[in-house]
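S.K.: Compute the structure for the input listed below.
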Amino acid sequence: MIRMKRERRMLAEINIINLVDVCLVLLIIFMLTAPFIQGGIEIELPKTRSHGRDTSEGMVVSVTADRIVYIEDVKQDLEHLGPELARRYQANPGAPVYLRADKNVPYGHVIEVIAQIKQAGFLNLGLVTEPLSESFLRRKAS
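M.R.: The predicted structure is shown next:
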């Protein structure tokens, strides 16, 4: 009885199905956790027709719905806002200041913050808003 030798060939293909599965799971995990990773101050900005501006070159002052004021991400009392802004103005005169105020903050409180910013010496002040959605604009136009 003669045995025939079977030739065993090396498998030269890479099974990438498992790799794709792992990558898709990681993508889904990152997509779900990304909004939670973004820290910051919770503010519901008023919506307008204007287009957003890049606020990265200036200082951002934020006012939350419960009237807490922040310079960048640092909590600040309204009484100490002016002196702190004046100190920062000395370090960077002429820099723009962007005010992000929640839409539920009373108008008078926003005006107090604006007055503190102006008294500190900042002349270049921008109010940050959120652009209206395209569906709202289309509905409004028809």
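S.K.: Have a look at this structure and report its longest helix.
M.R.: Longest helix of the chain, by residue count under DSSP state H: helix 17-37.
S.K.: Restricting to C-alpha, output that one in CSV.
M.R.: Output of helix 17-37 as CSV, limited to C-alpha atoms (Å, rounded to 0.1, in the frame of the first residue of the first chain):
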residue,chain,number,x,y,z
ILE,A,17,-12.7,40.0,9.5
ASN,A,18,-11.7,40.0,13.2
LEU,A,19,-9.6,43.1,12.7
VAL,A,20,-12.6,44.9,11.1
ASP,A,21,-14.9,43.8,13.9
VAL,A,22,-12.5,45.2,16.5
CYS,A,23,-12.1,48.5,14.7
LEU,A,24,-15.8,49.0,14.3
VAL,A,25,-16.4,48.3,18.0
LEU,A,26,-13.7,50.8,18.9
LEU,A,27,-15.2,53.4,16.5
ILE,A,28,-18.6,53.0,18.1
ILE,A,29,-17.2,53.3,21.6
PHE,A,30,-15.3,56.5,20.7
MET,A,31,-18.4,57.9,19.0
LEU,A,32,-20.5,57.3,22.1
THR,A,33,-18.0,58.6,24.6
ALA,A,34,-16.7,61.7,22.8
PRO,A,35,-19.6,64.0,23.9
PHE,A,36,-18.9,63.0,27.5
ILE,A,37,-15.2,63.6,27.2
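S.K.: And the helices in the chain?
M.R.: 17-37, 78-91, 107-119, 134-141.
S.K.: Val63 is nearest to which of the ones you listed?
M.R.: Minimum separation from Val63 across the helices of the chain (Cβ to Cβ) falls at helix 107-119, 5.8 Å. All C-beta atoms are positioned from the backbone trio N, CA, C, and that covers glycine.
S.K.: quick one on the thing from earlier: rounded mean pLDDT for the longest helix of the chain, please.
M.R.: Mean pLDDT, helix 17-37: 86.
S.K.: Just put the helices of the chain in JSON lines and tack on distance to Ile71 and mean neighbour count.
M.R.: Below are the helices of the chain laid out as JSON lines (distance: least, Cβ to Cβ, whole Å; neighbours: other Cβ atoms under 10 Å):
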{"stretch": "helix 17-37", "distance to Ile71": "23", "mean neighbour count": "9"}
{"stretch": "helix 78-91", "distance to Ile71": "6", "mean neighbour count": "14"}
{"stretch": "helix 107-119", "distance to Ile71": "10", "mean neighbour count": "15"}
{"stretch": "helix 134-141", "distance to Ile71": "32", "mean neighbour count": "9"}
